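Student: Here is the input, now give the coordinates:
(one chain, ligands or ions: 4)
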Amino acid sequence: MAQNKGAENGRFSFTRTGSMGRQGLPKIQTHHEATSEVCHDDSGTPMKAKTIDELHSLQKKKSSQPTTPINGTQGAFAAISEEDRQKQQLQSISASLASLTRETGPKVVKGDPATKSDGQKATHVEHHLYDASLFGVSDSALKFTHILYNLSPAELYEQAIKYEKGSFITATGALATLSGAKTGRSPRDKRVVKDEETENELWWGKGAPNIEMDEHTFLVNRERAVDYLNSLDKVYVNDQFLNWDPEHRIKVRIVSARAYHSLFMHNMCIRPTPEELLEFGTPDFTIYNAGQFPCNRYTHYMTSSTSVDLNLSRREMVILGTQYAGEMKKGLFSVMHYLMPKRQILSLHSGCNMGKDGDVALFFGLSGTGKTTLSTDHNRYLIGDDEHCWSNNGVSNIEGGCYAKCIDLSKDKEPDIWNAIKFGTVVENVVFDEYTREVDYSEKSVTENTRAAYPIEYIPNAKIPCVGPHPKNVILLACDAFGVLPPVSKLSLAQTMYHFISGYTALVAGTEDGIKEPQATFSACFGAAFIMMHPTRYAAMLSEKMQKHGATGWLVNTGWSAGRYGTGNRIKLAYTRKIIDAIHSGTLLNASYTKTEVFGLEIPTEIEGVPSEILDPTNTWSDKKAYKDTLLQLGGLFKKNFEVFLNHKIGKDNKLTEEILAAGPNF
Ligand SMILES: Nc1ncnc2c1ncn2[C@@H]1O[C@H](COP(=O)(O)OP(=O)(O)O)[C@@H](O)[C@H]1O
Ligand SMILES: C=C(OP(=O)(O)O)C(=O)O
Ligand SMILES: [Ca+2]
Ligand SMILES: [Mn+2]
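Tutor: Ligands and ions are numbered 1, 2, ... in the order given. Coordinates of the predicted model:
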């Protein structure tokens, strides 16, 4: 080891006597008091390793995660040996990957095929439905499928960097990756199996997000995905949880072909402890993500190469032809939108945070309206940014992570999100400097829908466990591209319901395939793409809960002001934050209000930190006639959209239904 103490203490000297000296260059003498002529390059304790392989083996300590048996456990696995437990786990995974038609296969084995010893020594299981000797085997039953089970982020980084083109480590340690041809969700390619159970329970037909497919076609696609996955050398399996409410926790298994997908779900779902993983058993729901492989266009119901198929009775989802990871997260959200209401629990497409005094706020809104940005608030505890449940126990986050948009992300305006983009975080489709690997968040060259997925604990004031008491404020976020909705209005319960059912916003570019510029849209319950039952079912639950717990509804326009998209400008985030602060603190509840025409919205006359003139849109438009025309245009769109809900009852009696109808625009 060099003992160079630096030039300033004069311990090394240049001499002209060394071999280099003959060529005119001085010899650097790196040891101070030379005691012998022999140069030792090593003065520490002798090496334990004799070979480089032995040396490498010293690097790794036996892992405590996730396979350590717990001593003295009372659980179901306490009595069985570690080997048996591993075998049971593999059998469960093998069952997940089994073909529904072939008699044998797959042979699954744990571990990376690249690590020689794993394939030979590790436990492996073979799936037999019948006696294989009677039926003969296919080639697919002869090979091993290696299972990379609940790998750690570091291991997934190594996998991604080694095997997945487009994977890089950014300057802050995040894993940059590409989602391929699809950089947003494909709602038109979503299919839901219509069977005896779902035919009557789900929302079908005009306006519904559920496009039907039959059970048989689902199985065709399932087989396609399973065969594809088994044809690979290795697949990733994540066993994780959804919902922080322990009473209503769901076990999910995600089988995927990419380390990117595995790390994404590691971040987005709730991560089991090693003890919880030991007792995981059979999952409640399984995703087969074969996203690199297209669906077969000759298959019934297929209208493109992409298909995202949900089978609620089988509790399975199949993904073909899209690698956009958001499909998995939002697919599971759809499942929760089915399972939770059946248990009288309201599932919500909303962000959620809590003040120091325990006041909880929900932030409803479609993609890009500000759920993530506004729920991530340095002065409040973050419960979650996107998917929640509201039960008799209060609120709980469904997920274990956040999925933030990062287009134009700035350290100043969104410091907590900025700082969460570090080791472990997946950043999708961002552009970075080739040399420094600094991400350029303003770059849209891959897509406008650039994203960061990080575990919720990367936000410093995350509330763990992610649960809270009943909400006090229900904030409906609309990004109004017409620029006529006021920055904030206080809503009556009937108005809250009207706007909740309408779900108005402008779709901004990116999150859904094909959207290039803001476009007015109505999406019931601020999440029509994910709800499974009729919107009035969720609305009735929301109104019942808001009434019972005395929550106040608000409509916040995070979109345009002083003109529509193109002429006006987006409301400054700093102002929206001040508005939200005033809602949380309670000062806005007691402010003085005036009523707007057409929409009949109560708007405050002043808010601390916000210029009063912007609070009423009539002030900000220079062309008053254009304002009135645009206002009426939007009002007309609302009316037209609401027509399909006119003959649906909400709640127990007709009173609320009538009030809701009257709470829309009047002109
Ligand atoms: N006034 C505003 N309020 C909220 N977000 C704003 C505002 N102005 C610009 N933005 C930007 O809009 C985006 C909102 O996205 P995000 O919070 O991820 O939406 P969601 O979680 O609802 O999909 C962020 O990129 C944010 O920086
Ligand atoms: C991930 C998504 O959620 P959001 O845009 O609401 O954050 C999405 O809609 O694909
Ligand atoms: Ca979000
Ligand atoms: Mn969302």
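
Student: Walk me through which strands the strand or helix carrying Val395 pairs with, and which way each runs.
Tutor: Assigned by DSSP states H and E, Val395 falls within strand 394-397. Strand 394-397 has these partner strands in its sheet, going by DSSP bridges: strand 387-391 (antiparallel), strand 467-468 (antiparallel).

Student: Now those strands in CSV, please, with extra columns for distance to Lys143 and mean neighbour count.
Tutor: The C-beta positions use only the backbone N, C-alpha and C, and glycine is treated the same way. Formatted as CSV, these follow (distance: least, Cβ to Cβ, whole Å; neighbours: other Cβ atoms under 10 Å):
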stretch, distance to Lys143, mean neighbour count
strand 387-391, 38, 27
strand 467-468, 45, 24
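
Student: Tell me which of these sits nearest to ligand 2.
Tutor: strand 387-391 (8.9 Å; Cβ to the nearest ligand atom).

Student: Show me what that closest one is in contact with.
Tutor: The set of residues external to strand 387-391 that reach it, using Cβ atoms under 8 Å, 6 or more residues apart in numbering, is 243, 245, 247-248, 329, 333, 336, 340, 343-350, 352, 362, 395-399, 470-471, 541-542, 545.

Student: just the buried members of the residues you listed?
Tutor: 243, 245, 248, 329, 333, 336, 340, 345-350, 352, 362, 395-399, 470-471, 541-542, 545 (16 or more other Cβ atoms under 10 Å).

Student: Out of these, which sit inside helices?
Tutor: Judged by DSSP state H, the buried ones among the contacts of strand 387-391 include 329, 333, 336, 340, 541-542, 545 as members of helices.

Student: Give me every residue in the chain that's in contact range of ligand 1.
Tutor: Residues of the chain found near ligand 1 (Cβ under 6 Å from any ligand atom) are 365, 367-374, 404-405, 407, 558, 570-571, 573, 576.

Student: So which of these belong to strands?
Tutor: If you go by DSSP state E, the residues of the chain next to ligand 1 have 404-405, 570 in strands.

Student: need the residues you listed in a markdown table with distance to Lys234, can you?
Tutor: Shown next, in a markdown table, are these (distance: Cβ to Cβ, whole Å):
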| residue | distance to Lys234 |
| --- | --- |
| Ala404 | 30 |
| Lys405 | 32 |
| Arg570 | 45 |
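
Student: Of the residues you listed - the most surrounded one?
Tutor: The most crowded member of those, judged by other Cβ atoms under 10 Å, is Ala404 (26 neighbours).

Student: Correct me if wrong: it contacts Ile456.
Tutor: No: counting by Cβ atoms under 8 Å, Ile456 is not a contact partner of Ala404; they are 11.3 Å apart.

Student: okay, and the common contacts of these two?
Tutor: Contacts common to Ala404 and Ile456, judged by Cβ under 8 Å, 6+ apart, are Asp385.

Student: And the helices in the stretch 201-350 of the chain?
Tutor: 215-231, 259-268, 274-278, 326-342 (DSSP state H, counting those that start in this stretch).

Student: Quickly compare those helices and say which is most buried.
Tutor: Highest mean neighbour count among the helices of the stretch 201-350 of the chain (mean count of other Cβ atoms under 10 Å): helix 259-268, with a mean of 28.

Student: Give me the contact list for that one.
Tutor: By Cβ under 8 Å, 6+ apart, helix 259-268 touches 148, 150-151, 153, 156-157, 159-160, 163-164, 167, 175, 177, 179, 236-238, 240, 254, 256, 289, 291, 323, 325, 328-329, 399-401, 403, 424-426, 453-455.

Student: Which among those count as buried?
Tutor: Here, 16+ other Cβ under 10 Å leaves 148, 150-151, 153, 156-157, 159-160, 164, 167, 175, 177, 179, 236-238, 240, 254, 256, 289, 291, 323, 325, 328-329, 399-401, 403, 424-426, 453-455 buried among these.

Student: what bits of this structure have low per-residue confidence?
Tutor: 1-44, 63-79, 103, 105, 116-123, 127-141, 508-518 (pLDDT under 70).

Student: longest helix anywhere in it?
Tutor: Max-length helix for the chain by DSSP H is helix 624-642.

Student: Next secondary structure after it?
Tutor: helix 654-662.

Student: Outline the domain layout of this protein.
Tutor: As assigned by automatic domain parsing, the chain contains the domains 1-35, 82-147, 180-343, 471-662.

Student: can you list those in CSV and add distance to Glu414?
Tutor: Shown next, in CSV, are these (distance: least, Cβ to Cβ, whole Å):
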stretch, distance to Glu414
domain 1-35, 43
domain 82-147, 37
domain 180-343, 18
domain 471-662, 8
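
Student: possible to save those domains as TSV with distance to ligand 2?
Tutor: Written out in TSV, the entries for those read as follows (distance: least, Cβ to the nearest ligand atom, whole Å):
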stretch	distance to ligand 2
domain 1-35	51
domain 82-147	25
domain 180-343	4
domain 471-662	5
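
Student: And the residue of the stretch 401-550 of the chain found nearest ligand 1, how far from Arg343?
Tutor: Here the stretch 401-550 of the chain gets closest to ligand 1 at one residue, Lys405, 3.7 Å apart by Cβ to the nearest ligand atom. Distance, Lys405 to Arg343, by Cβ to Cβ, to the nearest Å: 31 Å.

Student: same thing with Asn200?
Tutor: 18 Å.

Student: Just give the number of residues close to Glu438.
Tutor: 11.

Student: And Asn569, by the same measure?
Tutor: Counted with other Cβ under 10 Å, Asn569 comes out at 13.

Student: which non-adjacent residue is nearest Met302?
Tutor: Cys295 (5.1 Å; Cβ to Cβ, 6 or more residues apart in numbering).

Student: try Met268
Tutor: Gly401 (4.3 Å).

Student: now swap in Ser167 and tell me
Tutor: Nearest to Ser167 is Ala160, by Cβ to Cβ, 6+ apart, at 4.0 Å.

Student: what residues are up against that neighbour?
Tutor: With Cβ under 8 Å, 6+ apart, Ala160 has these contacts: 167, 175, 177, 258-260, 263.

Student: for Arg191, same thing?
Tutor: Arg191 neighbours (Cβ under 8 Å, 6+ apart): 211-213, 217-218, 301, 307-310.

Student: For ChimeraX, write a command that selects the buried ones of these.
Tutor: Of the contacts of Arg191, the buried ones can be selected in ChimeraX as follows, counting by 16+ other Cβ under 10 Å:
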select :212,213,217,218,301,307,308,309,310
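
Student: Alright, calling it a day.
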